[in-house]
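*Asks:* just the structure for this:
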Amino acid sequence: MRDWICCTVLATALAAAAGAAPAAEITLSCGWQELEVQLCEEAAAAWSAESGHQVVVRRGPEQSNQRYFEYLDLLSRADSSLDVLQIDVIWPSAFADHLVDLAAHVPPEVTAQHFEALIGNNTVDGRLVALPWFTDAGILYYRSDLLARYGLEVPETWSDLAEAALVIQEGERAAGNPEFWGLVFQGQAYEGLTCNALEWIAASGGGRIVDEQGEVTVNNPAAALALARAASWVGTVAPSRVTQFVEEDARITFQLGNAAFMRNWPYAWALLNAENSDLRGKVGIAPLPRGGLRGSHAAALGGWQLAVSRHSKNQDAAIDFVRYLTSTAEQKRRAIAGSYAPTIPALYDDPEVLAANPFFADFAAALPDAVARPSALAGKQYAQVSTLFWEAAHATLIGNGTARDNLARLEDRLRLIKGRAGW
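*Replies:* Model (predicted):
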């Protein structure tokens, strides 16, 4: 398991001048990507200047499922080393027993500023176990300059995308870039593949793994067709190594100028358009393609929340820090500097936020229709459900069994979990 990188943000000179030691030391588990860590450190320093507390920013594992098991281990042992946890939108139910109820510490007018659905997602058995920090949904990035060069439109369906990807790929290789590929995405066997595969399946009318009544529906012809189609991309319009790609692998390949299309999250926009990026001004964003002419656009709902561990020895300070990090001002700063999508609807009308992220206007309108993973329904069994799903999808991508056989096996395993857990 990747070692966490610690960066300590010391109490400010103001506190030192007052001759008083910081009242508390708060440890924040942040993300992994460089800009995200930088934003965490900047926010920690600003809050430290206001509060006089000390903050330790811990850089978490690259994969969300690695972070999940790290949290699970720490919390199950009542470990107090983490005060503020950055938790995935799919984790509130799984960790609720170990998290502080924030309802008594956050006025209703503050929670009302956030998307209602996210507050609902973070409320477990009447307890508000986390505050929304930033939201996510899968989006399609494309090289606008290359589409113009080859006279192509933004693809409407996944089949259209594969055709356009091949045209651009062949052209760019003929022009002297043998490393160029048409498409990159998150194909490694982890939670990111659950999101990608869910998008492919939902866009093709194959459902959402488990329906609203709790029935296992993933084994159906539309889902099998969607996974088989994705498997056909590997080694043709997508590199064979895409089956080991996580978000940053895809983003770096795309940003190096070696891909025409990329599936990723909004955070990549700021990096692709940074002053030192060769792709600045050459990238467009669109909804992920439909599964077919009769299909629909489908983007997996993502996002991260901030929670306070019940095992924290400095809960009051940690709660104050969470309120600072999830505030309107801080979310606006992160949106402008890092294209992290706010959880406060009013910020999508902010001229400065929209100037930095022009696609946010359409993105906000599409969020209510984003495809949710069955985490709320599966509860503490979700990690097992998702693991089995991404294993089936990955097996299909690498040619280990057909999509139909892998989904049939997946159905049997999910039904067994349901029978034992009774979700």
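
*Asks:* of all the residues in stretch 192-211, which ones are buried?
*Replies:* 192-210 (16 or more other C-beta atoms under 10 Å). All C-beta atoms are positioned from the backbone trio N, CA, C, and that covers glycine.

*Asks:* may I have that stretch as PDB, with CA atoms only?
*Replies:* This file holds the C-alpha atoms of stretch 192-211, laid out as PDB (Å, rounded to 0.1, in the frame of the first residue of the first chain):
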ATOM      1  CA  GLY A 192     -13.000   4.000 -11.300                       C
ATOM      2  CA  LEU A 193     -13.800   1.100 -13.600                       C
ATOM      3  CA  THR A 194     -17.100   0.700 -11.800                       C
ATOM      4  CA  CYS A 195     -17.900   4.300 -12.800                       C
ATOM      5  CA  ASN A 196     -16.800   3.800 -16.400                       C
ATOM      6  CA  ALA A 197     -18.600   0.500 -16.900                       C
ATOM      7  CA  LEU A 198     -21.700   1.700 -15.200                       C
ATOM      8  CA  GLU A 199     -21.800   4.600 -17.700                       C
ATOM      9  CA  TRP A 200     -21.400   2.300 -20.700                       C
ATOM     10  CA  ILE A 201     -24.200   0.000 -19.400                       C
ATOM     11  CA  ALA A 202     -26.600   2.700 -18.300                       C
ATOM     12  CA  ALA A 203     -26.100   4.600 -21.600                       C
ATOM     13  CA  SER A 204     -27.100   1.500 -23.500                       C
ATOM     14  CA  GLY A 205     -30.300   0.800 -21.500                       C
ATOM     15  CA  GLY A 206     -28.700  -1.900 -19.400                       C
ATOM     16  CA  GLY A 207     -29.700  -0.500 -16.000                       C
ATOM     17  CA  ARG A 208     -27.700   0.300 -12.900                       C
ATOM     18  CA  ILE A 209     -26.400  -3.100 -11.600                       C
ATOM     19  CA  VAL A 210     -29.300  -3.200  -9.000                       C
ATOM     20  CA  ASP A 211     -32.700  -1.600  -9.500                       C
END
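
*Asks:* what average pLDDT does it get?
*Replies:* Stretch 192-211 carries an average pLDDT of 97.

*Asks:* same thing with stretch 350-363?
*Replies:* 97.

*Asks:* how far off centre is stretch 182-201?
*Replies:* With C-alpha atoms, centre = their mean, to the nearest Å as the basis, stretch 182-201 stands 12 Å off its chain's centre.

*Asks:* quick one: low-confidence parts of this protein?
*Replies:* 1-22 (pLDDT under 70).

*Asks:* secondary structure element holding the residue positioned nearest the centre of it?
*Replies:* Taking C-alpha atoms, centre = their mean, the centroid of the chain lies closest to Gly302, which sits 4.6 Å from it. Assigned by DSSP states H and E, Gly302 belongs to strand 301-308.

*Asks:* buried set for the next helix or strand after that strand?
*Replies:* As assigned by DSSP H and E, the chain's next helix or strand after strand 301-308 is helix 315-325. Of all the residues in helix 315-325, those buried under the rule 16+ other C-beta under 10 Å are 315, 317-325.

*Asks:* follow-up on the earlier one: relative to Glu50, how far out is the residue nearest to the centre of the chain?
*Replies:* 30 Å (C-beta to C-beta, to the nearest Å).

*Asks:* can you check Thr396 too?
*Replies:* Relative to Glu50, and taking C-beta to C-beta, Thr396 is found at 51 Å.

*Asks:* more neighbours, those two?
*Replies:* Thr396 (24 against 11; other C-beta atoms under 10 Å).

*Asks:* what sits against the more buried one?
*Replies:* Residues in contact with Thr396 (C-beta atoms under 8 Å, 6 or more residues apart in numbering) are 227-228, 230-231, 402-403, 406.

*Asks:* so which of these belong to strands?
*Replies:* Secondary structure from DSSP state E places none of the contacts of Thr396 in strands.

*Asks:* now those residues: which count as buried?
*Replies:* Among the contacts of Thr396, the ones that count as buried by 16+ other C-beta under 10 Å are 227, 230-231, 403, 406.

*Asks:* so for Trp91, what's the nearest residue that isn't a sequence neighbour?
*Replies:* Closest residue to Trp91 apart from its sequence neighbours, by C-beta to C-beta, 6 or more residues apart in numbering: Tyr68 at 6.6 Å.

*Asks:* helices and strands around the strand or helix carrying that neighbour, which ones?
*Replies:* Element membership of Tyr68 [criterion: DSSP H and E] is helix 64-76. Other elements packing on helix 64-76 under the criterion 3 or more C-beta pairs under 8 Å, 6 or more residues apart in numbering; DSSP states H and E are strand 84-88, helix 92-95, helix 191-203, helix 382-397.

*Asks:* contacts for stretch 326-335?
*Replies:* 39, 43, 113-114, 131-134, 306, 324, 340-344, 346-347, 350, 352-353, 356-357, 360.

*Asks:* pull out the buried residues from it.
*Replies:* 326-327, 330-335.

*Asks:* for the stretch 1-150 of the chain, which segments are assigned as helices?
*Replies:* Using DSSP state H, counting those that start in this stretch, the helices of the stretch 1-150 of the chain run over 13-17, 34-51, 64-76, 92-95, 108-111, 116-121, 144-149.

*Asks:* as a markdown table, those helices with distance to Val237 would be great.
*Replies:* Shown next, in a markdown table, are the helices of the stretch 1-150 of the chain (distance: least, C-beta to C-beta, whole Å):
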| stretch | distance to Val237 |
| --- | --- |
| helix 13-17 | 55 |
| helix 34-51 | 29 |
| helix 64-76 | 26 |
| helix 92-95 | 36 |
| helix 108-111 | 45 |
| helix 116-121 | 35 |
| helix 144-149 | 14 |
